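> This is a predicted model, with the sequence first.
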Amino acid sequence: MEKEIIKKGCWLVIEPYVFIFKGKNEYVLYNTLSNKMLQFDVENNAFVADILEQLTLVENLYSIEISENDCKTISFKQFVSDLRDGFFGDVYSKELYEYHPISLPPLLKVKNSIKNINKNVEQQDDNTFLNFFHELSVYLNGTCTYGCKLCTKYYKQIPFCCKSKSEFDKNELDNLFDLISHSPHLIILNIFGGDILKYNLLEYFLDKIEELSHSIEINIFLFYKACNNHFSYQLLNEHHVNVHILFPINNFDNEDITHILSICSNFENAFWDFVCQNENEYNNCINFAESHGLEKYDILPFYEENADFFKKYVFITKDDLLNSDNSKRNIFIKQQLNSFFYGKLVITTDKLVFDCINGHNVGTLGDDIVDLIKKCVNEESVWFLTRNKMKPCCDCAFQYLCPPPSNYEAVIGKPNLCNIMP
């Protein structure tokens, strides 16, 4: 370190694109421009931990004064070297900079936060709440003859069809269309069955959706065995539907697959959603896709007493975090809301409305859409389920670098699917 800085003391300044996260036992500095991070164990770096504690105080504006004596310590010199190497911050001579430098910490202020909205709920118009709602998933029928062993479990973890005893009649379908037509910011509609192609009113409903004054992306989810007739692709292509072909890799029939692949090749927008439960099935998914020339596909892990597989392929590691897009904007989002659930509603065949498939029942199909959304705009809704509200994540310095809680955590009953804080 420069002699003039040591002689006079210095200002230590952290860059405004750097986050300082505090956990129960450590601090993490994260550079949003380079995706680099620094970790400091509180117990073994008490001096540095004290400095970071001061830097996190808003009134210090990411800048604190370091005395001449502290500047001379080995631990401080090493700390500054680490900061400079990763472009996290630097020191400036008090002789050259008489006044306290300013660096604006990355703090988010949201005008339309749920706290402010609920504080002045009477002053909010309907459009304030309609702005929140952008995606709807609906189960229109429950008829299905395929007898999947895990039928009642798949849809709780991943987007999947599910057998049930009820379905939407024409009046209920008209009520659903009315809800959609009064949701101007709704841009994604996910349609599920049972076997949705056995739903007699599907064509009627798709025709109604085309009458909307705003465009909407339609995704239909089909069990792969349902894709066995020309009617399926003719109808769905006419309405420019995205078709998600649901394919549990442990449950496919070799005799049928050639015919089904031939039918599916006629879909304008087909996506294969493979489901796997172990490493062998994961490799089979990749081999199947490659051998049949499938370019648009995803592999969805499914949890069923296969913890070792999940620990290897699903659980988050520190390397995963360094390779993620943790921009300043994305971190702000993770601090405020749950991007997996936010702005989304689910309607089941019995016409109940949920804030997510494993979440809270917020009403029924007959309720006003604004009233349904209002019930989701609160701290208890999964729309705003962030890791700082869950143990042990709330004690972890990486909580805002990790993905938000998902349906996997809800089903498995373990909030921290990670190898960082096991």
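Received it, and whenever you're ready, just let me know what you need. Numbering: from 1, shown residues only.
> tell me which element Ile191 falls in.
According to DSSP states H and E, Ile191 maps onto strand 188-192.
> ditto for Ser75
Using DSSP H and E, Ser75 falls in helix 74-85.
> And that helix, what's buried?
Phe76, Phe79, Val80, Leu83 (16 or more other Cβ atoms under 10 Å). Every residue, glycine included, has its C-beta placed from N, CA and C.
> Torsion angles phi and psi at Asp367?
Here is the backbone geometry of Asp367 (degrees, to the nearest 10): phi -70, psi 150.
> hang on, the earlier thing: looking at the buried residues of helix 74-85, which is nearest Thr258?
Ranking the buried residues of helix 74-85 by separation from Thr258, with Cβ to Cβ as the measure, puts Leu83 on top at 60.6 Å.
> partner residues bridging the closest residue to that closest one other than its chain neighbours?
In this structure, Leu83 finds its nearest non-sequential neighbour in Gly89, 4.4 Å apart by Cβ to Cβ, 6 or more residues apart in numbering. Bridge pairing for Gly89 (DSSP bridges) gives the partners Ile14.
> For Glu304, grab the count of nearby residues.
If you count neighbours by other Cβ atoms under 10 Å, Glu304 ends up with 13.
> Run through the residues that contact it.
Leu150, Lys153, Gln277 (Cβ atoms under 8 Å, 6 or more residues apart in numbering).
> what's the helix holding Ser75 in contact with?
The contact list for helix 74-85 (Cβ under 8 Å, 6+ apart) reads 1, 12, 14, 29, 38, 45, 47-48, 51, 66, 70-71, 88-91.
> Give me the distance between that helix and the centre of its chain.
35 Å (Cα atoms, centre = their mean, to the nearest Å).
> repeat for stretch 147-156
23 Å.
> ok, now stretch 339-356?
The mean C-alpha position of stretch 339-356 is separated from the chain mean by 15 Å, Cα atoms, centre = their mean.
> How is this structure divided into domains?
3-93, 116-412 (automatic domain parsing).
> Mind putting those domains into CSV with mean pLDDT and distance to Ile420?
Formatted as CSV, the domains of the chain follow (pLDDT from 0 to 100; distance: least, Cβ to Cβ, whole Å):
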stretch, mean pLDDT, distance to Ile420
domain 3-93, 93, 10
domain 116-412, 93, 6
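> Adding distance to Lys109, write these out as TSV.
Listed next are the domains of the chain as TSV, based on distance: least, Cβ to Cβ, whole Å:
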stretch	distance to Lys109
domain 3-93	12
domain 116-412	10
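> looking at those domains, which is closest to Leu107?
domain 3-93 (7.0 Å).
> Please give the centre-to-centre distance between the closest one and its chain.
With Cα atoms, centre = their mean, you get 31 Å for domain 3-93.
> again with stretch 174-189
On Cα atoms, centre = their mean, the centre of stretch 174-189 falls 23 Å from that of its chain.
> what is Trp191 paired to in the beta sheet?
Quick fix: residue 191 is Ile, not Trp. Under the criterion used here (DSSP bridges), Ile191 is bridged to Val138, Ile220.
> In contact with the spatially closest residue to Leu104 that is not a sequence neighbour, which residues?
Ranked by Cβ to Cβ, 6+ apart and with sequence neighbours excluded, the top spatial neighbour of Leu104 is Pro16, at 4.9 Å. Residues in contact with Pro16 (Cβ under 8 Å, 6+ apart) are Tyr62, Ser103, Leu104, Pro105, Pro106.
> Which one of those sits in the busiest neighbourhood?
Using other Cβ under 10 Å as the neighbour test, these are led by Tyr62, with 22 neighbours.
> Tell me the secondary structure of the closest residue to that residue other than its chain neighbours, please.
Nearest non-adjacent residue to Tyr62, counting by Cβ to Cβ, 6+ apart: Ser103, 3.9 Å away. Three-state assignment for Ser103 (DSSP: H, G, I helix; E, B strand; the rest coil): coil.
> Angles on the backbone of Ser103, please.
Torsion angles, degrees, to the nearest 10, at Ser103: phi -130, psi 120.
> same thing with Ile249?
Reported as degrees, to the nearest 10, the phi and psi values for Ile249 are phi -70, psi -20.
> That one and Glu281, how far apart?
5 Å (Cβ to Cβ, to the nearest Å).
> so can I have CSV of the contacts of Glu304 showing neighbour count, secondary structure and distance to Asp371?
As requested, the contacts of Glu304 are arranged in CSV below (neighbours: other Cβ atoms under 10 Å; DSSP: H, G, I helix; E, B strand; the rest coil; distance: Cβ to Cβ, whole Å):
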residue, neighbour count, secondary structure, distance to Asp371
Leu150, 17, coil, 35
Lys153, 16, helix, 32
Gln277, 19, coil, 40
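> now, which of those residues sits nearest Gln234?
Nearest to Gln234 among the contacts of Glu304, counting by Cβ to Cβ, is Leu150 at 30.6 Å.
> Ser63: neighbouring residues, count only.
By other Cβ under 10 Å, the residues close to Ser63 number 19.
> beta partners for it?
Val13.
> Correct me if wrong: it contacts Trp11.
Yes: checked against Cβ atoms under 8 Å, the pair Ser63 and Trp11 is within contact range at 5.7 Å.
> which neighbours do those two share?
In contact with both Ser63 and Trp11: His100, Pro101, using Cβ under 8 Å, 6+ apart.
> before we move on, the earlier item: mind listing what's buried in the strand holding Ile191?
Leu189, Asn190, Ile191, Phe192.
> Which residue ranges of the stretch 51-200 of the chain form strands?
63-66, 89-93, 135-139, 188-192 (DSSP state E, counting those that start in this stretch).
> how about the first one as CSV, C-alpha atoms only?
The C-alpha coordinates for strand 63-66 follow below in CSV (Å, rounded to 0.1, in the frame of the first residue of the first chain):
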residue,chain,number,x,y,z
SER,A,63,-17.2,4.6,2.5
ILE,A,64,-15.4,4.7,5.8
GLU,A,65,-12.3,6.2,7.4
ILE,A,66,-9.4,3.9,8.2
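> could you say what helices and strands that strand packs with?
Where contact means 3 or more Cβ pairs under 8 Å, 6 or more residues apart in numbering; DSSP states H and E, strand 63-66 is packed against strand 10-14, helix 46-55.
> Assign Glu304 to helix, strand or coil.
coil.
> List phi and psi for it.
Per degrees, to the nearest 10, the backbone of Glu304 is at phi -160, psi 80.
> follow-up on the earlier one: the helices and strands packed on strand 63-66 into CSV, with extra columns for mean neighbour count and distance to Leu300?
Output for these, formatted as CSV (neighbours: other Cβ atoms under 10 Å; distance: least, Cβ to Cβ, whole Å):
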stretch, mean neighbour count, distance to Leu300
strand 10-14, 24, 40
helix 46-55, 17, 40
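> I appreciate the help and will end here.
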